[in-house]
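Predicted model, plus sequence, below.
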Amino acid sequence: MFKTVLFPIDGSREAREAVDIVVNLVQQYNSRLIILSVVEEVSSEETNDTAMASPELVAGLLQEAQSLFFNHGINPEVLEKQGKAAFTICDVADEVGANLIVMGCRGLGLTQEGANDSVTTRVINLSPCPVLVIP
């Protein structure tokens with residue numbers, strides 16, 4: 001059913017909490033797991049999530065996530081891409097033939113203003129496959 005699972009990570013608590021669900025899904029369906037982190041393109045005026053703008057920090061995050069899944073007997077593929085998070089996640093899902101995207105949600109889309117900026121909301125609307133959102 002879920003031959004390829006894409007798990008975008010950003011270092012948030014919500015992404016870390018989604019790990020157990022991803023482990024269970026991948027083990028249950030014997031899925032290929034792809035962990036993705038996006039180095040965000042930010043302008044000099046934007047200061048909201050500077051950690052995801054650092055390629056070094058993103059590389060460390062991916063290495064940490066890969067080790068975590070190794071400890072569960074899963075050998076994930078890791079990808080680091082650059083771009084706008086939601087669009088990049090959907091592009092990668094299409095490129096790798098993902099059957100499911102699993103991602104944490106920070107709850108920033110609970111207001112009208114936040115919904116316009118929510119990566120999760122954009123991924124849900126643009127995704128080429130189902131999206132499982134972990135609150």
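All right, it came through fine.

Please, where are all the strands along this protein?
Along the chain, the stretches classed as strands by DSSP state E are 4-8, 32-40, 77-83, 100-104, 131-134.

which residue packs closest to residue 120, ignoring adjacent ones?
residue 105 (4.6 Å; Cβ to Cβ, 6 or more residues apart in numbering). Using the backbone N, CA and C atoms, a C-beta is placed for each residue, glycine as well.

in the chain, which spans are helices?
13-29, 55-70, 85-96, 112-117, 119-126 (DSSP state H).

residues touching the closest residue to residue 3 other than its chain neighbours, list them.
Among residues not flanking residue 3 along the chain, residue 99 sits closest, at 5.4 Å (Cβ to Cβ, 6+ apart). Neighbouring residues of residue 99 by Cβ atoms under 8 Å, 6 or more residues apart in numbering: 1, 2, 3, 4, 5, 31, 129, 130.

what about 6 Å?
Each residue near residue 99 by Cβ atoms under 6 Å, 6 or more residues apart in numbering is listed here: 2, 3, 4, 129.

Quick one: buried ones out of those residues?
Listed as buried from those are 2, 4, 129; burial here means 16 or more other Cβ atoms under 10 Å.

State the pLDDT value of residue 57.
pLDDT for residue 57: 84.

Correction: the previous question concerned residue 108.
Taking residue 108 on its own, its pLDDT is 51.

for this protein, what are the low-confidence residue spans?
Applying pLDDT under 70 to the chain flags the ranges 42-53, 107-116.

just to revisit the earlier point, would you list the strands of the chain in TSV and tack on distance to residue 69?
Shown next, in TSV, are the strands of the chain (distance: least, Cβ to Cβ, whole Å):
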stretch	distance to residue 69
strand 4-8	9
strand 32-40	7
strand 77-83	9
strand 100-104	13
strand 131-134	16
